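# structure for this input, please:
(one chain, ligands or ions: 1)
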Amino acid sequence: DLGNVLDTASVHGVSRETLERLDDRVAAAHDRIERGRETDEHGYASLNLPSSTDPAEIREAVGGFENPSAIVTVGIGGSALGAATLTDALDSDVEAHYLDNVDPEAVASLLDSLDLGSTVVNVVSRSGTTAETLANFLVVQEAMDDAGVDWADRTFVTTGEEGNLRDLANQHDLPVLPVPDGVPGRFSVLSTVGLAAAALCGHDIEAVLEGAAAQEARLSDSLFDSPAYAYGAVCFALAERGYTANAMMPYAESLETFSEWFAQLWAESLGKDGLGQTPLRALGATDQHSQLQLYRAGPRDKLVTLVRATDREDVSIPETDLDGLAYLGGSSLGELLDAEFEATEASLVAAGQPNVRIELDEVNEYGLGELLYAMETACVVYGELASVETFVQPAVEWGKRAARGLLGGGDFEEADAVADKERLI
Ligand code: PA5
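Okay, the predicted model is just below:
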């Protein structure tokens, strides 16, 4: 629902005329996107994943692991966040953990807490050269050795044709799931990269792809017919009008990791050439008691995107005879959360701050597929409208090369720049 971004007496948003003018540019962007998809061009190929991903291939890769208690995905950025978004949103008896950061205390504490003999390890790296991922995997390998567990028996790898990780997989004859061509990490949730952990946890990955396909079918050459394009175009128009931040605020704890995924998608894809829209992460209703103060009364530079599921399990609030609390009794936590949602939305409108409402029927596999695909499409259309190169990440690559160079992992000029700075200090 984009009603609260429209220019009105209270909200300083985008006018209907602006949207109509933007619609011609969306038509041109759609044309460009379709041409890219037809030839599986780098990046655009990501939008073909609802049909190009083969769930059977993923099921086969994870099917050999019997009764796992946990899966540890070793990967970082786009090689972890998509999978984490799905497994954190959905219930499973199999625990899903992620080793992305190389914080020694966190890594040691996770490994200490696991029964490594019944844990499956999925090492994920498109490039196969990312220092954090390879370092963490070497640590996991040693921990399994120390625990008397045959790590090679409990590991599968998701990577490209080349790189250190591919070499390691070949050397130990590990099962390998290929990463699809033309799909940058942050757009890979609907591929082998994002779906393997979900499949191992017993989730319906076919339904994730079906939800994504349903959104794909809604793409058209007009933002008035395509909600995902409309959201991307509105975000772009608002950013041009000074709304340079976008606070993603789900009212569901199960979607907290989705905000993190969104933040990566938005920042790494659109933050280029001095442009972009800074993603912020918030959680309703918790952040009504903190960040909302800023969103409502701070600088007029933020769009707030509110997300909720309309159908969910509920918990009733017991009756109470405490003075002044009778209004809660007989109600439910879900009703209270909904009231908080409505209150936040209304308070933003009253303060003239633009906001968008996204509703899922349910946080399930199908709904997540719809949401993730829609957000990817919104990002791509925003990138087209802003004329940035959505599918590259030179700043991220700079940091990766600098870190490897500093550790002696190659001769990279980025590492020299860091060393020069150290000398100045
Ligand atoms: O979206 C991206 O390209 C990045 O976030 C990468 O996914 C991240 O840097 C990890 O790279 P790799 O999969 O090569 O290990």
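# quick one: name the residues of the chain near the ligand.
Contacts of the chain with the ligand, taken as C-beta under 6 Å from any ligand atom, map to 76-79, 125-127, 130, 133, 184-186, 268, 393, 396. Just so you know, the C-beta spots here come from the backbone N, C-alpha and C atoms, and that holds for glycine as well.
# which of the residues you listed fall in helices?
In helices, judged by DSSP state H, the following of these are found: 133, 268, 396.
# state the pLDDT value of residue 425.
pLDDT recorded at residue 425 is 62.
# which outside residues touch the helix or strand that residue 36 is a member of?
If you go by DSSP states H and E, residue 36 is part of helix 16-38. Here helix 16-38 makes contact (C-beta atoms under 8 Å, 6 or more residues apart in numbering) with 6-7, 14, 41, 43-45, 47-48, 219-224, 226, 229, 233-234, 236-237, 380-381, 384-385.
# how about stretch 116-124?
For stretch 116-124, the external contacting residues (C-beta under 8 Å, 6+ apart) are 62, 65, 67-75, 79-80, 83, 133, 137, 140, 143-144, 147-149, 151, 154-159, 165, 193, 196-197, 200.
# next one: stretch 147-154
So stretch 147-154 is in contact with 65, 116-117, 119-121, 140-141, 144-145, 172-174, going by C-beta under 8 Å, 6+ apart.
# so which of the residues of the chain next to the ligand is the closest to residue 332?
Checking the residues of the chain next to the ligand against residue 332 by C-beta to C-beta gives residue 186 as the nearest, at 36.7 Å.
# name the member of the ones in helices among the residues of the chain next to the ligand with the most neighbours.
Within these, most neighbours by other C-beta atoms under 10 Å means residue 133, with 27 neighbours.
# relative to residue 416, how far out is that one?
Distance from residue 133 to residue 416, counting by C-beta to C-beta, to the nearest Å: 24 Å.
# likewise for residue 265?
With C-beta to C-beta as the criterion, residue 265 and residue 416 are 32 Å apart.
# more crowded one of those two?
residue 265 (25 against 13).
# quick one: classify that one as helix, strand or coil.
helix (DSSP: H, G, I helix; E, B strand; the rest coil).
# residues in contact with it?
Going by C-beta under 8 Å, 6+ apart, residue 265 touches 186-187, 375-376, 379.
# nearest to the ligand, of those residues?
residue 186 (3.5 Å; C-beta to the nearest ligand atom).
# so the closest one makes contact with residue 264?
Yes - under the criterion of C-beta atoms under 8 Å, residue 186 makes contact with residue 264 at 5.2 Å.
# and the two? which has more neighbours close in?
Neighbour count, other C-beta under 10 Å: between residue 186 and residue 264, residue 186 has more, with 26 against 20.
# just give the nearest non-adjacent residue to residue 351, would you?
residue 296 (4.5 Å; C-beta to C-beta, 6 or more residues apart in numbering).
# tell me which element the one you found is part of?
helix 292-297.
# residues of that helix that come out buried?
292, 295-296 (16 or more other C-beta atoms under 10 Å).
# and if you look at stretch 345-360?
By 16+ other C-beta under 10 Å, the buried positions in stretch 345-360 come out as 345, 347-349, 353-358, 360.
# counting neighbours, what do you get for residue 410?
10.
# what of the one 10 residues further on?
For residue 420, the neighbour count with other C-beta under 10 Å is 9.
# look up how far residue 414 lies from it.
Taken as C-beta to C-beta, the span from residue 420 to residue 414 is 11 Å.
# same question for residue 12.
42 Å.
# check residue 369 too.
From residue 369 over to residue 414 (counting by C-beta to C-beta), the distance is 37 Å.
# which one's more surrounded, those two?
Neighbours per residue (other C-beta under 10 Å) separate residue 369 from residue 414, with residue 369 holding more: 27 against 17.
# now for the more buried one: which residues touch it?
50, 190, 207-215.
# one more time with 10 Å
Residues in contact with residue 369 (C-beta atoms under 10 Å, 6 or more residues apart in numbering) are 50, 86, 189-190, 204-216.
# filter those down to the buried ones, PyMOL style.
The buried residues among the contacts of residue 369 can be selected in PyMOL (16+ other C-beta under 10 Å) with this line:
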select buried, resi 50+86+189+190+204+205+206+207+208+209+211+212+213+215+216
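# how about the helix holding residue 36: buried residues?
18-19, 22-23, 25-26, 29-30, 33, 36-37.
# who touches residue 259 in this structure?
85, 247-250, 279-283, 305, 307.
# out of the residues you listed, which are inside strands?
Judged by DSSP state E, those include 247-250, 279-281, 305, 307 as members of strands.
# switch those residues over to a markdown table; also include neighbour count.
Converted to a markdown table, these look like this (neighbours: other C-beta atoms under 10 Å):
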| residue | neighbour count |
| --- | --- |
| 247 | 22 |
| 248 | 26 |
| 249 | 27 |
| 250 | 27 |
| 279 | 21 |
| 280 | 21 |
| 281 | 17 |
| 305 | 23 |
| 307 | 22 |
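# between the residues you listed, which is closest to the ligand?
Nearest member of the ones in strands among the contacts of residue 259 to the ligand, counting by C-beta to the nearest ligand atom, is residue 279, at 13.9 Å.
# contact partners for the residue nearest to residue 184 when sequence neighbours are not counted?
Once flanking residues are discounted, residue 184 sits nearest to residue 391: 5.1 Å by C-beta to C-beta, 6+ apart. The contact partners of residue 391, by C-beta under 10 Å, 6+ apart, come to 36, 41-46, 182-184, 186-187, 268-269, 380, 383.
# in the stretch 1-150 of the chain, which spans are strands?
All strands of the stretch 1-150 of the chain, identified by DSSP state E, counting those that start in this stretch, fall at 70-74, 95-99, 119-125.
# just checking: what are the partner strands of the first one?
Going back to what we said before, that points to strand 70-74. Partner strands and pairing direction for strand 70-74 (DSSP bridges) are strand 95-99 (parallel), strand 119-125 (parallel).
# buried deepest among those, which one?
Counting by mean count of other C-beta atoms under 10 Å, strand 119-125 has the highest mean neighbour count of the strands paired with strand 70-74, with a mean of 27.
# list every C-alpha atom in that strand, with coordinates, as CSV.
Below are the C-alpha coordinates for strand 119-125, written out as CSV (Å, rounded to 0.1, in the frame of the first residue of the first chain):
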residue,chain,number,x,y,z
THR,A,119,25.9,-31.4,12.4
VAL,A,120,26.0,-30.8,8.7
VAL,A,121,28.3,-28.2,7.3
ASN,A,122,27.6,-26.2,4.1
VAL,A,123,30.5,-24.1,2.9
VAL,A,124,29.3,-21.4,0.5
SER,A,125,31.3,-19.0,-1.5
